[in-house]
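# need coordinates for the following:
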Amino acid sequence: MTNGLDADGGFRGYLGILRSRMWWIIAPACLGLIASLAISLLSTREYSAAAQILIQSPATQTEVGTIPVQLTQADVETVIQLATSAPVQNSVRAKLGSAPPVAAAEVGQTNIISITATTPNPVRSAMVANLYAKAFVSYRQSVNSRNLAAAEFQLRSQISATARQIKALGSRSRSSAQVIALSNQESVLKEQLAQLQVSGAVNSGGVEFVTPAQASVASVSPRPARDALLGLLAGLILGLGAAFLAEHLDDRLTTTEMAERAAQAPVLGAVPLIASWRRPETPLLISKTDPASPVTESYRSLRTSVQFARQESSLRCLLVTSPAASEGKTSTVANLGVVFTQAAERVLLVSCDLRKPRLGDFFGIDESRGITSVLTGQDDLDDVLRPVPGGNGQLWLLPAGPAVPDPAELLGWPRTADLFRTLIERFDLVLADSPPVLAVTDAAVLSRVVDGTVVVTAAGKTRKTELRRAAQRLQQLHVPVLGVILNQANRQAGYGYGYGYGYGAKDGGQAGPAVPAPVMAAAGEPAADQAASGVVTVQASQASLPADS
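Predicted structure coming up:
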């Protein structure tokens, strides 16, 4: 699930996620920065000092003399491990009373080992490093001395044994050749003993203390700038991970691209959230109360999109529904009716939400008599049609009428289709408000008697699964879906509304015509056939609708 990604590529989708969940990223980054900086400033200062030891290459004895042997990486690693071994630590502990931890490491690609001590005191750090270096050199020298003593003892034993053999054979004239051989062997052993004694006098155990540690004036930790940067980076990574995980798990519609993919239909427009409408249960007809607002401008842009669709095919009667309740369908019908009359069209609004009628509340019209009383024969159509106050005779309302036991059955009567044909003949445009698609079957029944259906969704509230199920239910009934309206949209929804804020809010002018997009074919249906069936792609205007029932 890639909620924020559009069909053209992931970059814009990723940017949309970053915008919509900006505080998911900023908050952890700020917390990481503050926490790391606080810990750094409150931490005890640490100072490091390093002593260096040179590893000497071992030598081998040949016929031509002593030849040094090249050190291997394994030899260097062995010395590094021995530098902090238990015998060395015990020697340091005996002199210092404790054995602070140190770090031994190879200096570059050389035969030099660095022993680094870190403590809160720079002088102590240098002292500890030097003690470890000296203790290690002493340890290697003592080991070397023991090895030399053992080798010398072995050579002396061999020389003594050879001398006894020569003495035993000296009185036998026939053993002169054997005596000569033993004498030569004795000479070699004595020579080896002499070389061993010379080597022991100059050998320092294979290591040499070359650079003593010096007390440093600069601390190695804490480093506030570095720690703050690391904390910021860690917070950013955590915030980005949390933001993308939340976006992955969030099933709510937030962008027009998501709505298009879920409904498999174009987004006709988006209407911004009305910040001042804090009580959605109280009807607000924004197109009347504030005709120069960006919200009203978005309704005008939506009207332009619908007008373009009506040019492509004969659309005289539109059904406005939603996947679930409180997504703005009734306010959409009311405000669209007002802006269409401003285009010199004679518009009829039909309150077909017979279970919870609210359309009359937007105009202050009683709905006790209406479509149900006409269908049941209690009233004539002309007796229940109501002109909307202030509509100049261009905007009319057909109320819901008295409640009936089974609204879906009533709307499915043949008389309902006849009634809508009559209404289409008498008005330029008929807009019908219906219950949600997923809640009851009323919308599915009504969709058979209208020319097209518009589905209203609420950004940040409607779930993709709900819109997908609603669209699939309408498609199964072969209902021509004109498109989707994204209500309560913000700038992250995919449609900015700067035009409304800039031009429309100051001058009160109407939006220019929407730019038509190519006709979008339904799945497996050619574009021409789709245009004939009423499924038309229209480039939407900017924004989303206030919530109502």
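
# for the most centrally placed residue in the chain, which non-adjacent residue is spatially closest?
Nearest to the geometric centre of the chain sits residue 244, at 2.4 Å (CA atoms, centre = their mean). The shortest distance from residue 244 to any non-neighbouring residue, by CB to CB, 6 or more residues apart in numbering, is to residue 17 (6.4 Å). For glycine as for every other residue, the C-beta is placed from the backbone atoms N, C-alpha and C.

# the one you found touches residue 243, doesn't it?
Yes. Taking contacts as CB atoms under 8 Å, residue 17 lies within contact range of residue 243: 6.3 Å.

# out of these two, which sits in the busier spot?
residue 17 (27 against 21; other CB atoms under 10 Å).

# check which helix or strand the more buried one maps to.
Assessed by DSSP states H and E, residue 17 sits inside helix 10-20.

# tell me the helix or strand right after that helix.
helix 22-42.

# contacts for that next one?
18, 222-224, 227-228, 230-236, 238-240, 242-243, 246 (CB atoms under 8 Å, 6 or more residues apart in numbering).

# angle of the helix or strand where residue 245 lies against helix 10-20?
Taking DSSP H and E as the definition, one finds residue 245 inside helix 224-249. In terms of direction (axes from the mean of the first three to the mean of the last three CA atoms, to 10 degrees), helix 224-249 departs from helix 10-20 by 110 degrees.

# now the angle between helix 22-42 and helix 224-249, please.
Interaxial angle, helix 224-249 versus helix 22-42 (the same axes, to 10 degrees): 150 degrees.

# still on that earlier bit, just the buried ones out of the contacts of helix 22-42, please.
18, 222, 227-228, 231-232, 234-236, 238-240, 243 (16 or more other CB atoms under 10 Å).

# closest to residue 463 out of those residues?
residue 243 (19.3 Å; CB to CB).

# surely the closest one and residue 16 touch.
No. The criterion here is CB under 8 Å, and residue 243 misses it with residue 16 at 11.2 Å.

# quick one: common contacting residues for those two?
Counting by CB under 8 Å, 6+ apart, nothing touches both residue 243 and residue 16.

# what about the strands in this structure?
For the chain, strands defined by DSSP state E occupy the ranges 47-55, 59-62, 65-68, 102-106, 112-119, 207-211, 267-272, 317-321, 347-351, 386-387, 395-398, 429-433, 452-458, 481-489.

# surely residue 50 is in contact with residue 113?
No. With contact defined as CB under 8 Å, residue 50 does not count as touching residue 113 (10.0 Å).

# for the chain, which spans come out with low pLDDT?
1-10, 13, 58-69, 170-175, 196-205, 275-276, 278, 280-281, 491-549 (pLDDT under 70).

# rerun at 50
Scanning the chain for pLDDT under 50 picks out the ranges 1-9, 62-64, 494-549.

# how's it carved up into domains?
Using automatic domain parsing, the domain parsing of the chain gives 10-43+222-248, 47-211, 253-277+286-533.

# which of those domains sits most buried?
domain 253-277+286-533 (a mean of 20; mean count of other CB atoms under 10 Å).

# how far off centre is it?
36 Å (CA atoms, centre = their mean, to the nearest Å).

# going forward, the N-terminal residue is numbered 297.
All set: I'll call the first residue 297, so the last point we hit is now domain 549-573+582-829.
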